[in-house]
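Trainee: No sequence on hand, only this structure:
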């Protein structure tokens with residue numbers, strides 16, 4: 001098993017930046033695909049970004065392309081979500097998730113391991 005802890009959330013104004021971290025412990029981190037998902041109050045959880053085992057491949061949701069980037073350093077057991085030019089609609093709890101072989105990488109139910117989430121609030 002792998003344990004995940006997110007950090008870096010907070011309250012910012014529109015246009016600001018935040019860098020979320022997802023730090024893992026337990027099993028070998030490079031064995032896992034990692035995804036970021038978010039859930040705003042009263043809405044369904046949605047895909048934000050994912051990154052492959054080595055970090056070679058990644059994908060961002062259309063809503064965040066051009067503003068967010070995802071990266072990882074397996075030596076540090078950490079995945080980052082750099083969020084720039086934040087908008088009010090980015091307000092949500094952000095979760096990182098991991099799985100050795102997610103069936104569908106953009107679907108949250110494909111991931112077996114989840115962090116507790118970190119709140120991001122963007123004021124307009």
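Mentor: Done, it's in. Note that this is a predicted model, so its numbers are computed, not measured.
Trainee: Now the residue most central in space within the chain: phi and psi?
Mentor: For the chain, residue 36 is the residue whose C-alpha lies nearest the centre (CA atoms, centre = their mean; 2.4 Å). With angles defined as degrees, to the nearest 10, residue 36 sits at phi -110, psi 130.
Trainee: What of residue 89?
Mentor: Backbone torsions for residue 89, taken as degrees, to the nearest 10, come to phi -70, psi 0.
Trainee: which residues touch it?
Mentor: By CB atoms under 8 Å, 6 or more residues apart in numbering, the contact set of residue 89 is 40, 63, 122. C-betas here are computed from N, CA, C, even on glycine.
Trainee: from these, which would you call buried?
Mentor: Neighbour counting with 16 or more other CB atoms under 10 Å marks residue 122 as buried within those.
Trainee: For residue 95, state which of the contacts of residue 89 is nearest.
Mentor: Checking the contacts of residue 89 against residue 95 by CB to CB gives residue 40 as the nearest, at 12.1 Å.
Trainee: Touching, that closest one and residue 92? I think so.
Mentor: Yes. Assessed by CB atoms under 8 Å, residue 40 is found in contact with residue 92 at 4.2 Å.
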